[in-house]
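Asks: Everything below, folded, please.
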Amino acid sequence: MNRLQFAHSPYLLQHAHNPVDWFPWGEAAFEKARREQKPVLVSIGYAACHWCHVMEKESFEDEETAELMNREFVCIKVDREEHPEVDHFYMDALQALAGHGGWPLNMFVTPDRRPFYGGTYFPPRPVQGRNSWKGVLEAVVEVWKKQPDQVIQQAAQITAHLKQASLTSTLDPRSAVPGLPREILENILKAADREFGGFGPAPKFPGSFALQYLLTFAQLHGSAHPELSEEAMGHARLSLDCMMSGGLYDQVGGGFARYSTDRYWFAPHFEKMLYDNALLISVYADAFRLTGDRKYKEVVVRCIDFCNRSLREPSVPVYFCALDADSEGVEGKFYTWSDSEWEALRPSVHPAVKEYFGLRPGGNWEGTNILYRATTEAQIQTSYNLSETSWEKLLEETRTQLLAARAGRVNPALDDKALLSWNALMVLALTDAAAALEEPDYLRQAGRLLDFLLETFFLEGRWFHAYKAGEAYLEANLDDLSYLIKALLRYSEHAGRLKYLVRAAEIADYVDQHFSETGQVFYFYSPFSKQDIPVRKQEVYDGATPSANAVMAYNLRALSAAFHHAAWQQRADKMLDAMQDAALRHPTSFALWAQLLQCRVQGWMQVIILGDPEESQISVLRQSLGPNVFVLKAEAGGPDIPAMKGLDRLPGTPRYLLCREWRGTPPETDVRELLRQIKKSE
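Replies: Now for the predicted structure:
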């Protein structure tokens, strides 16, 4: 076994038996490279990555290939989820070099960590114009030994380019204009797949942030732009309906795969990530809140059930990272059904269910069957003369039977580390689900998880990024803390616990101290204490997870209103000014910024709840407010919040105070009158 046997990461542990002399990310590898004057291979992937597994089997387990790697290189294996800042830097380098990216990411770097050449998956033998892995290794060795000056020059140029591109605060600011949300919507819809939902061609990712923008536009602009609002809601619903009907969604066990390999959402890449499911729970919960359509509620419930069943242990509230795409070395084997496997369940499985899930005797995908909704429930009920009640009962019984049968299969590998950032997204998801579905148990789950994160990931004055086997490790990045702050804000709103709001402000202070630099509008992704990459980056675009800087802009706006902190408000506004042009021109890449700009045009507001309102009144409020309105509920004996200074916080007759830019209106006792005030203010 190599050095990776001591790692926390399941991905690194997968490579612990390779004949490659892998190092984990750290100074030891680069010290060896400097001492021996060798190039460094930084190979980055993650546990659920299918092509990472393929390249390991084909090349990293091959003795001859490993001998070449060990002789000529110092080799480092990196879990991108443990070291996202390393992944971001070298992925940017690859995109600058090749114009594309992906995983596995194999980057060749100098002993001072600067990249000079890279690629993604390389086969063991040349195929379809793609160089073999050994061919790439030999070519790199040759240029390293015969043209070292060229290598150093290339590395210097790439690093200088990345350093210049990393600072985004030089973007030209633009003042907010009333028509901006409409222009952004029109640009989002230009990328819309009008037939199958989503955005752009295959491969298709869910696009949670753009869908959230569409839902918010429909909510906030229904009266001012009724036709556009209808179009926005129509495409959001088309996308959500198609995603939940395809193979992207696990029709048996709930939960979404990472992306679809086709434009129909039919054949997924089968890995299941916590962050995808957390983000989609929030979107489907919002869709249910705005439409009342029960099918969206069902998706929310089944996704949460999947996360609770497959991505955590019952005794610990924290959620693990992911399930692999493969089982028994075959992608999707755990989720697909051969005709013989299906027939073995009969005669108890009704033929209506087989038709509904689109099963074919020879398979509908690579000789087996992906379950998807091949027809509508109404058509099935008509064809088989089933009432709605009997069909729902039949479908639920069949799902239970299929889930039990599937439980006997070899399960996909579980990446059982936990990340602060992704778990904070899950707190948000559970809180959103609790509010939309009016399900208090989800709020209790969110509270337990949030308390666990606060207790476990903060040690001796420092925040940590990852957790496994009772140990928190690796220092936190900006996304960890920005998502955590937002989770605290959202939970405080819905649970009415001001101590979480105070904790959010404390963590915002920590972010200012460790991720901010004088004269910079945006925050750096990694803290000042991390000096292990040549360029510290300011991330502003939405990737698979939301832009950490966009989330911080939201946080600062909410916290500035609660704590009357002018510097936070000014910084949030400067961030939005700087990102307005990018969000307008490329809204699907900057959708969260677009959402915040939409809120700013609509007007940021704060509602302070005093007294002791009935839960039904609070529910009306929750169901009606957009993301531009923050809610504070007074708590008798709770911490002092500047926004509540001088207000009577004792229980009694409920009152609702609407504030805008720290100025309040006379309190209302009728929540519906308050909502009319908000509408008028917008």
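
Asks: List the buried residues in the host helix or strand of residue 400.
Replies: In the assignment (DSSP states H and E), residue 400 maps to helix 388-407. By neighbour count with 16 or more other CB atoms under 10 Å, helix 388-407 contains the buried residues 391, 394, 395, 398, 399, 402, 405, 406. All C-beta atoms are positioned from the backbone trio N, CA, C, and that covers glycine.

Asks: so is the closest residue in space to residue 625 that isn't next to it in sequence in a helix, a strand, or just coil?
Replies: Excluding the flanking residues, the one nearest residue 625 by CB to CB, 6 or more residues apart in numbering is residue 631, at 7.0 Å. Put simply, residue 631 is strand when judged by DSSP: H, G, I helix; E, B strand; the rest coil.

Asks: let's have the chain start at 48 instead
Replies: Taking 48 as the first residue, the last one we looked at is residue 678.

Asks: and residue 678, how many neighbours?
Replies: Using other CB atoms under 10 Å, residue 678 has 21 neighbouring residues.

Asks: And the pLDDT for it?
Replies: Listed pLDDT for residue 678 reads 93.

Asks: Is it bridged to anything, and to what?
Replies: Taking DSSP bridges as the rule, residue 678 bridges to residue 654.

Asks: just the strands in the stretch 398-547 of the chain please.
Replies: 461-462, 465-466, 505-506, 509-515, 518-522 (DSSP state E, counting those that start in this stretch).

Asks: Could you export those as CSV, including mean pLDDT, distance to residue 384 and mean neighbour count?
Replies: Formatted as CSV, the strands of the stretch 398-547 of the chain follow (pLDDT from 0 to 100; distance: least, CB to CB, whole Å; neighbours: other CB atoms under 10 Å):
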stretch, mean pLDDT, distance to residue 384, mean neighbour count
strand 461-462, 96, 22, 21
strand 465-466, 98, 31, 28
strand 505-506, 97, 45, 15
strand 509-515, 97, 34, 21
strand 518-522, 97, 40, 17
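
Asks: Same list, those, but as CSV with distance to residue 51 please.
Replies: Formatted as CSV, these follow (distance: least, CB to CB, whole Å):
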stretch, distance to residue 51
strand 461-462, 15
strand 465-466, 19
strand 505-506, 25
strand 509-515, 14
strand 518-522, 15
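
Asks: Count residues in the vicinity of residue 179, would you?
Replies: Other residues near residue 179 come to 17 when the count uses other CB under 10 Å.

Asks: Would you check how far apart it and residue 137 are?
Replies: 22 Å (CB to CB, to the nearest Å).

Asks: what sits against residue 704?
Replies: For residue 704, the contacting residues are 654, 655, 656, 657, 694, 711, 712, 714, 715, by CB atoms under 8 Å, 6 or more residues apart in numbering.

Asks: List just the nearest of these to residue 596.
Replies: residue 654 (26.4 Å; CB to CB).

Asks: and the closest one, what does it touch?
Replies: Residue 654 neighbours (CB under 8 Å, 6+ apart): 668, 672, 676, 677, 678, 679, 703, 704, 705, 706, 721, 725.

Asks: From residue 728, how far off is it?
Replies: 11 Å.

Asks: shared neighbours, these two?
Replies: With contacts taken as CB under 8 Å, 6+ apart, residue 654 and residue 728 have residue 705 as neighbours in common.

Asks: For PyMOL, write a command that selects the buried ones of the contacts of residue 704.
Replies: Under the burial definition 16+ other CB under 10 Å, those of these that qualify are selected in PyMOL by:
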select buried, resi 654+655+656+657+714+715
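
Asks: Tabulate the contacts of residue 704 in a markdown table, adding columns for distance to residue 108, secondary structure and pLDDT.
Replies: Formatted as a markdown table, the contacts of residue 704 follow (distance: CB to CB, whole Å; DSSP: H, G, I helix; E, B strand; the rest coil; pLDDT from 0 to 100):
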| residue | distance to residue 108 | secondary structure | pLDDT |
| --- | --- | --- | --- |
| 654 | 59 | strand | 95 |
| 655 | 62 | strand | 93 |
| 656 | 61 | strand | 93 |
| 657 | 66 | strand | 91 |
| 694 | 67 | coil | 84 |
| 711 | 67 | strand | 80 |
| 712 | 69 | coil | 81 |
| 714 | 69 | coil | 87 |
| 715 | 69 | strand | 88 |
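
Asks: Kindly indicate which of the contacts of residue 704 lies nearest residue 405.
Replies: For the contacts of residue 704, the nearest to residue 405 is residue 654 (47.0 Å; CB to CB).

Asks: secondary structure element for the closest residue to residue 272 other than its chain neighbours?
Replies: Once flanking residues are discounted, residue 272 sits nearest to residue 229: 6.1 Å by CB to CB, 6+ apart. Using DSSP H and E, residue 229 sits within helix 227-237.

Asks: Okay, buried residues for that helix please.
Replies: Quick answer for helix 227-237 (16+ other CB under 10 Å): 227, 228, 229, 231, 232, 234, 235, 236.
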